[in-house]
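Asker: what shape does this take:
(one chain, ligands or ions: 1)
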Amino acid sequence: MVTPEIQKTVLVTGANRGVGLQFATQYAAVGWRVIAGCRSPDQAQDLQTLASADSSIAVETLDVTNSNHITALAEKYKDTAIDILINNAGMYGDLSRQAWGSLDHALFQDIMDVNVFGPIKMCEAFAPHVVNGQGKKIVSITSFLGSIGSVSKTPSTPFYAASKAALNMAMRGIGQRLKDQGVSVVVFMPGLVETRMLRQTFGLALDEAEKAKNFDYRDLPTITASESVSSLIPLIESLTVETSGRFLNYDGNEIPW
Ligand SMILES: NC(=O)c1ccc[n+]([C@@H]2O[C@H](COP(=O)([O-])OP(=O)(O)OC[C@H]3O[C@@H](n4cnc5c(N)ncnc54)[C@H](OP(=O)(O)O)[C@@H]3O)[C@@H](O)[C@H]2O)c1
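Answerer: Residues are numbered from 1 along each chain as shown. Below you'll find the model as predicted:
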């Protein structure tokens, strides 16, 4: 008799659009149970359409800056083993409010809340579920802008860059913490992905300093969210606790910390 395979489970934050929606779509397509977190389920039309056609997708209210949302969701799924936690939700923030000369404290706090506090709190709340899973993986979607070691011609957005560097550091520490329990913790750059974030951020006016450097994201090779996630899923699949604590590009290459 063939033993039925246990359905694997992935939890994705920011699953209503962009890269997060693709994670939900592609994991569901290969038979995974998907816990799809999003801030506003009633406005998440694409995700709701996906979920209405596939009972393996559960749409859950999850603002990652809201500790009550996180702990309530962790409690709701306390008996569920989660194979992969994907901290995908993120925000870039208006360029004009993080431009030199007009730095906006409130925006800094918002970005740090979403990009740093959220993923750390998600790890704290869901570590037990991941430890109980077979996959034992925590993946956070970072950016090459958070790489201190990379020298690149990129926009000077200090809040976003600092938040992703902080995320990277936090994930290194969490990786150390969870290593003994067999959990692999890795940060991934998804590529320069054609999502609302990229369009809203760089499709609008670039600040004068960037114009002077002739930076335009349209000069850089972009990929679709579907392409990004198609590359990321096999890389995530290949992670082991031995390779925990890495900073990888969507093509599998290492990015300097
Ligand atoms: N696109 C790129 O080129 C690129 C490059 C490097 C890294 N990244 C990273 O990739 C990840 C996905 O970005 P994307 O390109 O798919 O951008 P996106 O289309 O703008 O999607 C961002 C997602 O994050 C969610 N989100 C924002 N704040 C949240 C909060 N407080 N709680 C829960 N969810 C929240 C958004 O939900 P709402 O719809 O409710 O706002 C949305 O689902 C981000 O971490 C981003 O920093 C993207």
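Asker: what residue ranges in the stretch 1-150 of the chain score low on pLDDT?
Answerer: Filtered on pLDDT under 70, the stretch 1-150 of the chain yields the residue ranges 1-4.
Asker: buried sites along stretch 83-97?
Answerer: Buried residues in stretch 83-97, counted by 16 or more other CB atoms under 10 Å: 83-95, 97. From N, CA and C alone the C-beta is placed, and that goes for glycine too.
Asker: that stretch vs the ligand: in contact?
Answerer: Yes - applying CB under 6 Å from any ligand atom, one finds stretch 83-97 touching the ligand at 88-91.
Asker: closest one to the ligand out of the buried residues of stretch 83-97, please.
Answerer: G90 (2.3 Å; CB to the nearest ligand atom).
Asker: using the three-state scheme, assign the nearest residue to the closest one once chain neighbours are set aside.
Answerer: Spatial nearest neighbour of G90, chain neighbours left out: N115 (5.2 Å); criterion: CB to CB, 6 or more residues apart in numbering. The assignment at N115 comes out as helix when based on DSSP: H, G, I helix; E, B strand; the rest coil.
Asker: just for the stretch 151-257 of the chain, where's the confidence low?
Answerer: If you take pLDDT under 70 as the line, the stretch 151-257 of the chain has these spans: 151-155, 202-220.
Asker: and the helices in it?
Answerer: Assigned by DSSP state H, counting those that start in this stretch, the helices in the stretch 151-257 of the chain fall at 158-179, 196-202, 208-212, 225-237.
Asker: helices or strands up against the first one?
Answerer: In this case it means helix 158-179. Here helix 158-179 touches helix 105-112, helix 118-132, strand 137-141, strand 184-189, going by 3 or more CB pairs under 8 Å, 6 or more residues apart in numbering; DSSP states H and E.
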